[in-house]
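J.: just to be clear, the model below is a prediction. Sequence and coordinates:
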Amino acid sequence: MFVEGHMQWLFDETGRRYLDGFGGIVTVSVGHCHPKVTAAVLKQCATIQHTTTIYLHPTIGQFAKKLTEHMPAGSNLSNWYFTNSGSEANEMAILAGREFTGNNEVISLRNAYHGGTSATMHLTAHGNWKFKSNGSAFAVKNATPAYCYRCPYGLTYPSCNVKCAHDVKQLIDHETSGHIGVFIAECIQGVGGTVVPPPEYFKIVYEHVRKAGGICVADEVQGGFGRTGTKFWAFENWGVTPDAVTCAKGIGNGIPLAAMVARPEISKTLGNRIHFNTFGGNPISMAQGLATLEVIDEEDIQGNALRVGKHLMDRLKGLQAKHSVIGDVRGMGLMLGVELVNDRSTKEPATSQAAAVMELCKERGLIIGKGGRYGNTLRIKPPMCITRDDADFMADCLDEVLPLAG
């Protein structure tokens with residue numbers, strides 16, 4: 001039971017301190033109760049707490065303008081629609097894309113997670129997160145992800161010629177009408193176990209999708225806002241420019257806030273009918289989002305994710321050489337995954353060991369997560385304010401508990 005947080009630290013009801021290695025599921029970007037963010041929210045609470053988007057409020061425009069400045073030059077990604085959650089943002093992107101293209105069919109990737117609402121659950125191709133009664137009003141096809149460690153073809157990169165990317169063309173040709181509405185993907189699959197595709201993957205996929213008349217949506221709910229270290233948006237690491245982007249979690253450092261941005265000609269289709277979100281663009285959410293973005297810029301949060309993330313990755317690679325239960329270490333910046341296996345040859349998932357590692361870490365004052373189809377990948381995605389010493393504590397803690405996990 002956590003009752004207090006400060007920067008990278010959490011405190012339970014007994015006053016015990018924990019290092020937050022999971023960031024509230026990749027949500028706390030600049031630190032729990034960051035003083036500048038807290039001050040902005042308190043000031044807004046004392047002024048006006050709620051209007052609706054029927055009426056103007058200055059912060060919504062200021063925040064959208066500053067977000068647009070962080071988009072790649074020439075992308076024309078400039079029209080923002082604010083929501084409360086990533087699920088809602090993904091719903092809006094699918095709606096806008098289908099309205100714009102006039103095409104019904106949508107492609108997502110196997111092993112993906114895009115939300116828990118009815119439509120986004122249909123996009124989520126990850127059986128652990130799908131209720132058996134769930135259906136959808138539109139057709140979704142799931143393409144092969146670039147999960148190199150568990151390649152479904154039994155191939156290795158780069159001799160595989162990125163077969164998984166070309167599978168999208170086969171899927172379009174054989175399982176759709178040939179006219180696609182939307183392709184949506186996380187550039188790094190988060191819930192799926194921090195799966196990082198090869199450099200060519202999205203260039204190939206985007207080309208196939210656009211030839212079939214579809215738009216490309218980058219789900220940046222977990223990978224955005226500098227978390228990869230090298231780039232502000234995860235998609236930039238693959239040299240592609242999507243037609244629309246969705247973001248949440250780190251955008252607001254913990255407040256219910258998300259957004260969809262698209263090119264103007266795509267987003268204007270939402271004016272074809274009335275669509276309204278009561279709390280989208282709420283003044284308090286906007287104040288927290290704007291303050292969070294300012295802190296990311298002012299405190300070189302992205303640079304810290306790169307530097308500390310590299311050090312932590314090096315330490316985790318060292319653990320892989322020492323502990324045979326670690327099958328793979330992957331990720332970028334401070335979005336890292338450690339996949340545990342019972343046998344490196346068969347790659348049998350070490351699911352119970354991953355759960356045990358989580359609990360043993362918690363007993364030692366470290367919070368981490370887990371994910372992947374088999375729940376065997378440790379997810380390490382802390383607030384991006386962590387230090388090199390914090391990274392060493394994480395690695396040392398894992399070094400101690402891995403042999404104890406059974």
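T.: Okay, I see it.

J.: what's the longest helix in this structure?
T.: In the chain, taking DSSP state H as the definition, the longest helix is helix 301-322.

J.: got the angle for whichever helix or strand comes after that one vs helix 301-322?
T.: Downstream of helix 301-322, the next assigned helix or strand under DSSP states H and E is strand 326-332. With axes from the mean of the first three to the mean of the last three CA atoms, to 10 degrees as the basis, strand 326-332 and helix 301-322 are set at 170 degrees to each other.

J.: what is the burial count for Leu404?
T.: Leu404 has 10 neighbouring residues, counting by other CB atoms under 10 Å. In this view, the C-beta of every residue, glycine as well, is placed from N, C-alpha and C.

J.: residues touching the closest residue to it other than its chain neighbours, list them.
T.: Nearest residue to Leu404, sequence neighbours excluded (CB to CB, 6 or more residues apart in numbering): Leu360, at 5.8 Å. Residues in contact with Leu360 (CB atoms under 8 Å, 6 or more residues apart in numbering) are Val401, Leu404, Ala405.

J.: next one: Leu270 from Val338, what distance?
T.: 41 Å (CB to CB, to the nearest Å).

J.: please identify which of the two sits among more neighbours.
T.: Neighbours were counted for Leu270 and for Val338 using other CB under 10 Å; Val338 has more, 29 against 18.

J.: show me what contacts the more buried one?
T.: Leu316, Leu319, Gln320, Ile326, Asp328, Val329, Thr377, Leu378, Ile380, Leu398.

J.: buried residues in the helix or strand where it lies, which are they?
T.: Using DSSP H and E, Val338 falls within strand 335-343. By neighbour count with 16 or more other CB atoms under 10 Å, strand 335-343 contains the buried residues Met335, Leu336, Gly337, Val338, Glu339, Leu340, Val341, Asn342.

J.: any chance of those residues in TSV, with distance to Lys169 and pLDDT too?
T.: Output for these, formatted as TSV (distance: CB to CB, whole Å; pLDDT from 0 to 100):
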residue	distance to Lys169	pLDDT
Met335	29	98
Leu336	32	98
Gly337	28	98
Val338	33	98
Glu339	29	98
Leu340	34	98
Val341	32	98
Asn342	36	97
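
J.: between these, which is nearest Pro349?
T.: Using CB to CB, Val341 comes nearest to Pro349 of the buried residues of strand 335-343, at 6.3 Å.

J.: so the closest one makes contact with Val329?
T.: No. Counting by CB atoms under 8 Å, Val341 stays clear of Val329, with 12.0 Å between them.

J.: re the thing from before, from the contacts of Val338, which is closest to Phe138?
T.: Thr377 (30.2 Å).
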